[in-house]
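Peer 1: Only the shape, not the letters, is given here:
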């Protein structure tokens, strides 16, 4: 099966290349709306990478949440901005340098954390099991799960309060 | 019997055995993938072509006319004639349009519609890929359609397009929530996202629609599904009497046809997924499995077309109220009822679940009752 794995590897790197291309386009294109479209493609590409890494559940959730829900909101927000398609909108401002330094620092910490972590690789790719997933969420990871639920609930109530018309 | 049931599967195996004789193993693997991909890539558009004919014929019958009957016997070649017409039409791009986005939207919108076909179990052993996240894959891909509808609407630089696009986004976001929640009961009972294991769990006549939570879940999922594919009575994004053609007002020729194609393929795949989740998929007696699957799917498609011929379009506030005030609480109650159904034994759980859902339905009916103003009495000045 050697040719088969090499085809998979080539496809994987091709996907990564396209992903990088769309990511760069997202931050360089002058038109806000097109930038959002490229962001959608980037997020889709990330989910394809998850598929390649046998993390199907995360891939599905990535598309459902990021592409399906968040991108729709982003596009909706862009539509409500005044300079929607103005090509003269600058992609950068005077805070370029401090932001660049911060990002380099963040990247350094992330990469060093990734390199230091001993990644355990399972011998056989385990399939997504809905029952085990639910047990893990309600058992081992119940605290973060409930915490996120409360955060979301607060956001929900906040949205209702903000959107409520004044009497 | 067995041979007809497995005819497509054995056909593929025969082809692969033939290839195995003189080709290396890895080419056979790729060939096996290619056969499934080709089958789906041909099946999707052909289904769309004949669904347009079926819809025109059915709506014609409902409106007491014949529908297309000029091209070929029973108008069977009408879709081909339509295709030729669409391909030869001039492609018009509005002067103010964002040309890149205007081109991109119709092209990309077809991709998720086609990819969904990969996880639909057409018959016993007839699924392109048995993904362990099958249902999630379907949900994820169908949720991406919204963006491209909105991109199309925005890129057209047309009031009507933009209005249609905004309506579509509002509608799809609202109906996606009850849609996802109405699938949860099935996942609770089956304990797997895989479409194949969901069908296998409904062995014999244990179709989920025959349980109290199943009938509610079926209705919820079917109605939200109709809303997700923008069909009457939820076709506000393209309501022709209000906003010309909604988000595809500025599209002509093949680009318009691609939107149409995505819509009809989504109609088919929603019906297929409803049949898979609640109507037992390909399970059924006597007939081959794939014939059962197509009977159920086309019965649901028929109901959708029947809706189109019968029901008027909803108002925007009615549409939103229906999703948020009726479907969403009911789907949450349905999840609770399913949990209770799983905890109790056979006769008791039917009664308890039925009671819970009946009370919920009644409460929601009372809470959602439209406030009908009292009939006014007009009196002439010269009376009394």
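Peer 2: Done, it's in. Note that the structure is a prediction, hence the values are computed from the model and not measured. Residues are numbered from 1 along each chain as shown, chains lettered A, B, ... in the order given.

Peer 1: Let me see the contact set for the residue nearest the centre of chain A.
Peer 2: Per Cα atoms, centre = their mean, the C-alpha nearest to the average position across chain A is that of residue A:43, at 5.5 Å. The neighbourhood of residue A:43, defined by Cβ atoms under 8 Å, 6 or more residues apart in numbering or on different chains, consists of A:62-63, A:66-67, A:71. For every residue, glycine as well, the C-beta is placed using N, CA and C.

Peer 1: how about the closest residue to chain B within chain A, phi and psi?
Peer 2: When distances are taken as Cβ to the nearest Cβ, chain A reaches nearest to chain B at residue A:68, 2.8 Å away. Reported as degrees, to the nearest 10, the phi and psi values for residue A:68 are phi -70, psi -50.

Peer 1: Where does pLDDT dip in the stretch 101-250 of chain B?
Peer 2: The model of the stretch 101-250 of chain B has no residue with pLDDT under 70.

Peer 1: If we look just around chain A, which residues of it are in range?
Peer 2: Neighbours of chain A within the stretch 101-250 of chain B, by Cβ under 8 Å from any Cβ of the partner chain: B:101, B:104, B:131-133, B:136-137, B:139-141, B:143-144, B:146-147, B:150-151, B:154, B:166, B:169, B:172-173, B:176, B:187, B:190-193.

Peer 1: returning to that earlier point: how about TSV for the contacts of residue A:43, with pLDDT, secondary structure and neighbour count added?
Peer 2: Below are those laid out as TSV (pLDDT from 0 to 100; DSSP: H, G, I helix; E, B strand; the rest coil; neighbours: other Cβ atoms under 10 Å in any protein chain shown):
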residue	pLDDT	secondary structure	neighbour count
A:62	87	helix	21
A:63	87	helix	27
A:66	87	helix	20
A:67	84	helix	25
A:71	84	helix	24
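
Peer 1: pLDDT on stretch A:138-150, on average?
Peer 2: Averaged across stretch A:138-150, pLDDT comes to 90.

Peer 1: Same question for stretch B:53-63.
Peer 2: Per-residue scores along stretch B:53-63 average to 88.

Peer 1: Outside of that stretch itself, list whatever touches it.
Peer 2: B:66-68, B:74-76, B:78-79, B:301-302, B:305-306, B:308-310.

Peer 1: can we see that at 6 Å?
Peer 2: With Cβ atoms under 6 Å, 6 or more residues apart in numbering or on different chains as the test, stretch B:53-63 has contacts from B:66-68, B:78-79, B:305, B:309.

Peer 1: and what of stretch A:18-25?
Peer 2: Counting by Cβ under 6 Å, 6+ apart, A:38, A:41-42, A:45 sit against stretch A:18-25.

Peer 1: Pull out the buried residues from the contacts of stretch B:53-63.
Peer 2: B:67-68, B:78-79, B:305 (16 or more other Cβ atoms under 10 Å in any protein chain shown).

Peer 1: any chance of these in JSON lines, plus distance to residue B:287?
Peer 2: Compiled in JSON lines, the buried ones among the contacts of stretch B:53-63 are given as follows (distance: Cβ to Cβ, whole Å):
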{"residue": "B:67", "distance to residue B:287": "28"}
{"residue": "B:68", "distance to residue B:287": "30"}
{"residue": "B:78", "distance to residue B:287": "29"}
{"residue": "B:79", "distance to residue B:287": "27"}
{"residue": "B:305", "distance to residue B:287": "23"}
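
Peer 1: what's the closest of these to residue B:22?
Peer 2: residue B:79 (39.0 Å; Cβ to Cβ).

Peer 1: Which element, helix or strand, includes that closest one?
Peer 2: helix B:78-88 (DSSP states H and E).

Peer 1: avg pLDDT for that helix?
Peer 2: 85.

Peer 1: Need the residues that contact whichever helix or strand comes after it.
Peer 2: Sequence-wise, the next helix or strand downstream of helix B:78-88 (DSSP H and E) is helix B:99-116. Contact with helix B:99-116 is made by B:44, B:93, B:138, B:141, B:144-145, B:148, B:151-152, B:155, B:255, B:258-259, B:261-262, B:265-266, B:269, as judged by Cβ under 6 Å, 6+ apart.

Peer 1: quick one on the thing from earlier: which residues does the residue of chain A closest to chain B contact?
Peer 2: Here residue A:68 is in contact with B:143-144 (Cβ under 6 Å, 6+ apart).
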